[in-house]
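**Q** what's the 3D shape of this:
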Amino acid sequence: MTILTKELRNRLDVLSTTNIADALDALGLKGATRGINKMYEGCRKIIGEAVTMKVVAAGLTKSTTHMGVTAIESAKEGDVIVIDNGGREDVNCWGGVLSTGAKFKGVSGVVIDGCCRDLDECIELDFPVYAKATICITARGRVMEASTNTMISFQGVQVRPGDVVVADISGVVIIPQERLEDVVLKAEELYEKETQMIADLKAGMSMKAVDVKYNYENMLK
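**A** Alright, predicted model coming up:
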């Protein structure tokens, strides 16, 4: 059963990750990440429920499966694959073959606390990838999938299967599934207020007058 209805998805599509991050702050929730960015120009915004994957260093215990296959196979249309590779920038954990498999499974995109590669293929596929960086070095023999659809830590934010992921030009946010409606409502309220502020500025009101009118410094209280 999905908690991200078409109506909620459409409402989130209007909002930016900055609106959502502010709403999370206002509600006392931790969900905004840092340092995870779109990997190519024209990379689309993504919204979807999380399919999580934990990546660990390879060692004496070797991987027997292609990393990421289980996550793709377990995903439903519209989901986002969220990968915890501990922020490593010395090794890849997602590439072109996985992007192709995910694209044709209907996955919305991937967000990675780590690196990706094969961006030329991702661009050709129009498959959104958000990560820390790109690297050409293979994952083979270096990292392996430890678990799929378990709770992970992503840039210090707890992510569980089914939590809602939004990624855009400003960054990546994670919305706890139990608080989705609350967060969307608060983000919409803040979005409307900022829209009114901008309209007043464009109409000629001074920055100081707008700041006082909307009590900007206390908007999240």
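**Q** doesn't Asp211 belong to a helix?
**A** Yes - when the secondary structure is assigned by DSSP: H, G, I helix; E, B strand; the rest coil, Asp211 falls within a helix.
**Q** what's the closest non-adjacent residue to it?
**A** Nearest in space to Asp211, with sequence neighbours left out and distances taken as CB to CB, 6 or more residues apart in numbering, is Glu217 at 7.9 Å. For every residue, glycine as well, the C-beta is placed using N, CA and C.
**Q** Ser63 now?
**A** The shortest distance from Ser63 to any residue that is not its chain neighbour, by CB to CB, 6+ apart, is 3.7 Å, and that residue is Met144.
**Q** in the chain, which ranges drop under the pLDDT threshold?
**A** 1 (pLDDT under 70).
**Q** surely Lys186 touches Leu29?
**A** No - the pair Lys186 and Leu29 fails to qualify as a contact (CB atoms under 8 Å) at a distance of 9.7 Å.
**Q** neighbouring contacts of the longest helix seen in the chain?
**A** Counting residues, the longest helix found in the chain (DSSP state H) is helix 180-202. When contacts are defined by CB atoms under 8 Å, 6 or more residues apart in numbering, helix 180-202 is touched by residues 3-4, 8, 11-12, 14-16, 19-20, 22-24, 26-27, 29, 31, 164, 175-176, 207, 209-210, 213-214, 216, 219-220.
**Q** at which residues are the helices of this protein located?
**A** When secondary structure is read from DSSP H, the chain shows helices at 6-14, 17-26, 69-74, 96-105, 119-125, 180-202, 207-214.
**Q** can I get these in TSV including mean neighbour count?
**A** Shown next, in TSV, are the helices of the chain (neighbours: other CB atoms under 10 Å):
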stretch	mean neighbour count
helix 6-14	14
helix 17-26	22
helix 69-74	18
helix 96-105	19
helix 119-125	16
helix 180-202	16
helix 207-214	12
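**Q** between these, which one is nearest to Asp168?
**A** Checking those against Asp168 by CB to CB gives helix 17-26 as the closest, at 5.1 Å.
**Q** re the thing from before, how close does the residue nearest to Asp211 sit to Leu60?
**A** Separation of Glu217 from Leu60 (CB to CB, to the nearest Å): 55 Å.
**Q** more neighbours, those two?
**A** Legend: neighbour count by other CB atoms under 10 Å for Glu217 and Leu60, higher for Glu217 (8 against 4).
**Q** tell me the domain boundaries of the chain?
**A** The chain breaks down into these structural domains: 6-177, 184-216 (assignment by automatic domain parsing).
**Q** coming back round to it: the longest helix of the chain: how far from the chain's middle?
**A** With CA atoms, centre = their mean, to the nearest Å as the basis, helix 180-202 stands 21 Å off its chain's centre.
**Q** check stretch 196-215 too.
**A** In terms of CA atoms, centre = their mean, the gap separating the centre of stretch 196-215 from the centre of its chain is 32 Å.
**Q** quick one: terminal-to-terminal distance for that stretch?
**A** From its first residue to its last, stretch 196-215 covers 13 Å (CA to CA, to the nearest Å).
**Q** for the strand ranked longest in the chain, packing partners?
**A** Ranked by residue count under DSSP state E, the longest strand found in the chain is strand 46-57. Packed against strand 46-57 by the contact rule (3 or more CB pairs under 8 Å, 6 or more residues apart in numbering; DSSP states H and E) you find helix 6-14, helix 69-74, strand 80-84, strand 109-113, strand 143-148, strand 152-154, strand 164-168.
**Q** now tabulate the ones you listed in a markdown table and tack on distance to Ala131.
**A** Shown next, in a markdown table, are the helices and strands packed on strand 46-57 (distance: least, CB to CB, whole Å):
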| stretch | distance to Ala131 |
| --- | --- |
| helix 6-14 | 21 |
| helix 69-74 | 15 |
| strand 80-84 | 8 |
| strand 109-113 | 4 |
| strand 143-148 | 14 |
| strand 152-154 | 12 |
| strand 164-168 | 10 |
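**Q** thanks a lot, catch you later.
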